[in-house]
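Novice: My questions are about this predicted structure, shown below with the sequence.
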Amino acid sequence: MSQAPEAQAQAQSAAHKRNRNRRQVALRSYALIAALASTLSLTACGGGGSADVVTFDIGVAVGGQPLSGVQVTAGASQTISIIAGQSIELDASEPVAWTLEVGGSTVTGSGTTVYYAGATITQTAVSDSRIVVDTSAAFPLVAPVPITFIATSTLDSAQVATVNVLITN
């Protein structure tokens with residue numbers, strides 16, 4: 001009779017070990033499933049997979065003529081010189097939020113005119129992807145006038161391109 005309680009205790013101990021092993025297997029399975037789900041979600045949002053990343057680009061025209069060999073892509077910047085009196089047109093391949101900086105200040109609003117360092121600068125939003133800026137100077141400029149266009153994609157705000165423009169005589 002003394003063996004019956006001992007055998008019963010061993011059986012309970014063995015059952016306890018099996019249950020503990022099952023819980024450990026279940027926890028490991030859940031951890032594996034969570035890791036796979038995280039990996040797949042990162043791939044879906046472009047944060048870790050090798051999915052194709054589509055970035056926008058900006059075409060540039062000066063005086064109505066496209067500049068050959070100038071294509072500004074997201075993450076890059078380009079510097080262009082124009083002569084006072086010329087217009088510059090920037091056309092992004094997708095909708096963007098345009099920011100124009102003149103003399104360290106942000107210029108907002110379509111149809112806005114700024115006078116800076118002898119240059120007259122008027123910006124006009126033509127569409128949600130295209131902006132035209134007209135320039136002029138009543139007198140010869142003392143020095144080139146720098147202005148900066150920053151295009152931020154409205155589809156992916158991490159996609160930003162910069163066009164630096166020097167207005168000269």
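Specialist: Received it, and whenever you're ready, just let me know what you need.
Novice: would you list every one of the helices in this protein?
Specialist: Ranges of helices in the chain, per DSSP state H, are 3-44.
Novice: so where is it shaky, pLDDT-wise?
Specialist: 1-5, 7-20, 25-27, 29-32, 34-54 (pLDDT under 70).
Novice: Map the structural domains onto the sequence of it.
Specialist: Structural domains assigned to the chain are 1-53, 57-168, following automatic domain parsing.
Novice: For these, give me TSV that also has mean neighbour count.
Specialist: Any C-beta I mention is one placed from the backbone N, CA and C, and that applies to glycine too. Listed next are the domains of the chain as TSV, based on neighbours: other Cβ atoms under 10 Å:
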stretch	mean neighbour count
domain 1-53	10
domain 57-168	16
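Novice: Pull up the gap between A97 and E89, please.
Specialist: According to Cβ to Cβ, to the nearest Å, A97 and E89 sit 17 Å apart.
Novice: actually V132, sorry about that
Specialist: 5 Å.
Novice: Overlap in contacts, these two.
Specialist: V126 (Cβ atoms under 8 Å, 6 or more residues apart in numbering).
Novice: Now the closest residue to V142 other than its chain neighbours. Its backbone dihedrals?
Specialist: In space, V142 comes closest to G118 once its chain neighbours are excluded; the distance is 6.4 Å by Cβ to Cβ, 6 or more residues apart in numbering. Dihedral pair for G118: phi 90, psi 0, per degrees, to the nearest 10.
Novice: same thing with A74?
Specialist: phi -60, psi 140.
Novice: check contacts around it.
Specialist: By Cβ under 8 Å, 6+ apart, the neighbours of A74 are T55, F56, D57, S153, Q159, V160, A161.
Novice: now those residues as TSV including distance to R28?
Specialist: Formatted as TSV, the contacts of A74 follow (distance: Cβ to Cβ, whole Å):
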residue	distance to R28
T55	40
F56	44
D57	47
S153	41
Q159	40
V160	43
A161	46
